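**Student:** predicted model and sequence below, questions to follow.
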Amino acid sequence: MQTAAGLAKRCGLEHYLDKPAELNDAIFNLLLLQETIQMEQAQRMRRDEPGAASIAIQRTAYGTFTAACAGDGRYRYAVETALRSGTTVIALFQRSRFVSVLRSMGIPEDAIAGYCSSVRISDDTTCIDRE
């Protein structure tokens, strides 16, 4: 089992070990950048390859996740409210898994590269608290 310090060192992210809030901001900004890049690529693809077929799937998410922190119990309601406000479900494209499945199904590398360069995610998921 790998420790957080080991993973951070391997990925060159040691400076985030004592700054989890800064890491969260960086992750959010990277996901926003990824979504923007994907939208721009999709626009270019529609413009440059008018005959390309659009292939889409829709995934539904169920289940729960937990967000937790520790501190003075007198502020429990405010902290719980802030945790609900500060968390969300995010769709994530895992390129390596996508490529691996296509390769295992015998799809040519040039076709895989084309699909990878045109992937875009439109995410309108929301967290719904049943309270």
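**Tutor:** Okay, I see it.

**Student:** every contact and neighbour count from this point should use C-alpha atoms.
**Tutor:** Will do.

**Student:** quick check: which element contains L7?
**Tutor:** Taking DSSP states H and E as the criterion, L7 maps to helix 4-11.

**Student:** for E35, the count of nearby residues, please.
**Tutor:** Using other CA atoms under 10 Å, E35 has 19 neighbouring residues.

**Student:** got it, and L23?
**Tutor:** By the criterion of other CA under 10 Å, L23 has 15 neighbours.

**Student:** what about it, which helix or strand?
**Tutor:** Following DSSP H and E, one finds L23 within helix 20-48.

**Student:** other SSEs contacting the helix or strand of the chain with the lowest mean pLDDT?
**Tutor:** Of all helical and strand segments in the chain, the minimum by mean pLDDT, DSSP states H and E falls on helix 20-48, at a mean of 80. Where contact means 3 or more CA pairs under 8 Å, 6 or more residues apart in numbering; DSSP states H and E, helix 20-48 is packed against helix 109-118.

**Student:** so which bits of the helix it packs on are buried?
**Tutor:** Buried residues in helix 109-118, counted by 16 or more other CA atoms under 10 Å: S118.

**Student:** pull it out as PDB, backbone CA atoms only.
**Tutor:** Extracted in PDB, the C-alpha atoms of helix 109-118 (Å, rounded to 0.1, in the frame of the first residue of the first chain):
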ATOM      1  CA  GLU A 109      -4.500   3.000 -33.100                       C
ATOM      2  CA  ASP A 110      -5.300   5.900 -35.500                       C
ATOM      3  CA  ALA A 111      -9.000   5.500 -34.700                       C
ATOM      4  CA  ILE A 112      -8.300   5.400 -31.000                       C
ATOM      5  CA  ALA A 113      -6.200   8.600 -31.200                       C
ATOM      6  CA  GLY A 114      -9.100  10.300 -33.100                       C
ATOM      7  CA  TYR A 115     -11.600   9.300 -30.400                       C
ATOM      8  CA  CYS A 116      -9.300  10.400 -27.600                       C
ATOM      9  CA  SER A 117      -8.700  13.800 -29.200                       C
ATOM     10  CA  SER A 118     -12.500  14.400 -29.500                       C
END
